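Colleague: Quick check, what structure comes out for this input:
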Amino acid sequence: MDLERTKHRLEQTLGVSIRVETLPVWDSPSISWEVNGTIYYKLQNSSEQASDGILAWAVDAREISPKERRLIELLLEAVLQDGTTPAIRPVSVNDEEGRARAIGEWIAGKLEEGDLASMLPDLAFLRSLQYDSSLCLLLDVEFRESNRFTYKELKKLIGTYFESDTVLIPLTEGEWIILASGAVLESVHEDGDNEESIEELMESIALSMHEMINEWIGDCRISAAGLIHAPTNLLQAIQNMRGSIRLGRLFHPEESVYLPWKLHLERLLYTMEEREKKRFLEQLMKNTDSSTLDAEMLMTLKTFFQHNCNISETSKALYIHRNTLLYRLDKFKQATGMDVRNFHDAVLIHMALLLYKVTKWD
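Modeller: Next comes the predicted model:
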């Protein structure tokens, strides 16, 4: 049996909330111990006593009957006899960084196993975020000697940005999970009415956070999962954000903020076989030579698509006259037979440009 699965089933069956906490000592001869209205269930055998604390389940004594208390004891004893390891490694309740790293190790293990359904074990670590929706971001940093930083330094920087309680979890050496209260969205545009969607607000937060971290720490990439319920949805959110960073670095290496809801087409193209990608490019661009897609034309097309094929906005973004832009688009049409001002052709060319970046095409 699995401790996390057993905990989840007990919560569903008994209708109670079971927390995972670390106690400094265990002063009870049995597997359970009631202290100040809380019943603790020891998650370690006697041979697994840890100098930095005892890992335990915690349940409000008012929520369970004596029979239910005994049922939990029997199930837990069976799990421990099977040799199941604790949900996370024991860490002192006062060691915030140690607990964060222990949770990060647990998350990394679950992701490696492909388990995206388990609940986060140490709910006490989430404090006020365990009940409400929270913002979730993933920071990806390539460590070099010039940009080394500590947990406390990054935690202080993130806390200063959000001006509220945040949770920081190191996932790997270069990956950091950032959780903040969903109430932050309400203060993004506190000076007036705001009609932006949650996705647009999240993008604004991710872009400004990237600018701050890039300035203080160095080159990094950021993804965001929007609003989530961290205890139940964090694993799936991390999986999505990791995938977005992977796709972003492949299709858009010049950018640094990658959002799942803006990479649908890239995700679809990524699943194509290499042979099909090359065939698509060859058929679409069969009359095109390499000089057609020079740096200037590539930038023109990219900017045109970024501005929803709007001539005026594209010319302003490129700092060129409207007629100059029209000349370039006409030049591309003459070379390829494709007019990107036509919706159908624009979709095909947009797909071709994405594949052009990742496909070996002669």
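Colleague: so where's the stretch 201-350 of the chain uncertain?
Modeller: 287, 289-291 (pLDDT under 70).
Colleague: Please repeat the previous calculation with a cut-off of 80.
Modeller: Within the stretch 201-350 of the chain, the stretches with pLDDT under 80 are 285-293.
Colleague: Please identify the helix or strand for L120.
Modeller: Under the criterion DSSP states H and E, no helix or strand holds L120.
Colleague: Find the residue closest to it in space, skipping its chain neighbours.
Modeller: Once flanking residues are discounted, L120 sits nearest to P231: 4.8 Å by CB to CB, 6 or more residues apart in numbering. Just so you know, the C-beta spots here come from the backbone N, C-alpha and C atoms, and that holds for glycine as well.
Colleague: thinking L301 is in contact with L353, fair?
Modeller: Yes: counting by CB atoms under 8 Å, L301 does reach L353; the two are 6.1 Å apart.
Colleague: Mind telling me what element V59 is part of?
Modeller: Using DSSP H and E, V59 falls in strand 54-60.
Colleague: which other residues reach whichever helix or strand comes after that strand?
Modeller: Note on strand 54-60: by DSSP H and E, the next helix or strand toward the C-terminus is helix 66-81. Helix 66-81 is touched from outside by 1-3, 6, 10, 14, 30-32, 39, 41, 43-45, 57, 59, 64, with contacts defined as CB atoms under 8 Å, 6 or more residues apart in numbering.
Colleague: What residues of the helix or strand following helix 66-81 count as buried?
Modeller: For helix 66-81, the following helix or strand on the C-terminal side (DSSP H and E) is helix 96-113. Residues 96, 98-107, 110-111 are the ones in helix 96-113 that count as buried (16 or more other CB atoms under 10 Å).
Colleague: Specify the angle between helix 96-113 and strand 54-60 in degrees.
Modeller: 90 degrees (axes from the mean of the first three to the mean of the last three CA atoms, to 10 degrees).
Colleague: Could you list every helix and strand that helix 96-113 packs against?
Modeller: Applying 3 or more CB pairs under 8 Å, 6 or more residues apart in numbering; DSSP states H and E, one finds that helix 96-113 makes contact with helix 151-162, strand 166-172, helix 230-251.
Colleague: could I get whatever helix or strand L10 lives in in CSV with only the CA atoms?
Modeller: Taking DSSP H and E as the definition, one finds L10 inside helix 3-14. Extracted in CSV, the C-alpha atoms of helix 3-14 (Å, rounded to 0.1, in the frame of the first residue of the first chain):
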residue,chain,number,x,y,z
LEU,A,3,0.9,6.2,2.3
GLU,A,4,-0.4,9.0,0.1
ARG,A,5,-3.0,6.8,-1.5
THR,A,6,-4.1,5.5,1.9
LYS,A,7,-4.3,9.1,3.3
HIS,A,8,-6.4,10.2,0.3
ARG,A,9,-8.8,7.3,0.7
LEU,A,10,-9.3,7.9,4.4
GLU,A,11,-10.1,11.5,3.8
GLN,A,12,-12.7,10.6,1.2
THR,A,13,-14.2,7.8,3.3
LEU,A,14,-14.2,9.5,6.7
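Colleague: Next, the angle strand 54-60 makes with the helix or strand just after that helix.
Modeller: With elements assigned by DSSP H and E, the helix or strand that comes after helix 3-14 is strand 19-23. Orientation check (the same axes, to 10 degrees): strand 19-23 against strand 54-60 gives 130 degrees.
Colleague: Taking helix 3-14 as reference, get the angle to strand 19-23.
Modeller: Using the same axes, to 10 degrees: strand 19-23 against helix 3-14 is 120 degrees.
Colleague: mean confidence for the strand holding V59?
Modeller: Confidence for strand 54-60, expressed as mean pLDDT, is 88.
Colleague: One more: stretch 157-166?
Modeller: Stretch 157-166 comes out at a mean pLDDT of 86.
Colleague: Domain map for this structure?
Modeller: Annotated domains of the chain cover 3-81, 96-266, 272-358 [automatic domain parsing].
Colleague: Of those domains, flag the one that's most buried.
Modeller: domain 96-266 (a mean of 17; mean count of other CB atoms under 10 Å).
Colleague: sorry, back to before: redo the helices and strands packed on helix 96-113 as JSON lines? Include distance to R322.
Modeller: Formatted as JSON lines, those follow (distance: least, CB to CB, whole Å):
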{"stretch": "helix 151-162", "distance to R322": "40"}
{"stretch": "strand 166-172", "distance to R322": "46"}
{"stretch": "helix 230-251", "distance to R322": "29"}
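Colleague: Quick one, which of the ones you listed gets closest to E282.
Modeller: Comparison of those against E282 by CB to CB identifies helix 230-251 as nearest, at 19.5 Å.
Colleague: what packs against the closest one?
Modeller: helix 96-113, strand 134-141, strand 175-181, strand 220-228, strand 257-258, helix 264-270, helix 343-358.
Colleague: Mind checking these for the one nearest to S315?
Modeller: That would be helix 343-358 among these, by CB to CB, at 16.7 Å.
Colleague: what angle sits between that closest one and helix 230-251?
Modeller: 90 degrees.
Colleague: Name the residues that touch helix 343-358?
Modeller: Counting by CB under 8 Å, 6+ apart, 250-251, 253, 265-266, 269, 277, 280-281, 284-285, 293, 298, 301-302, 305, 309, 336, 338-340, 361 sit against helix 343-358.
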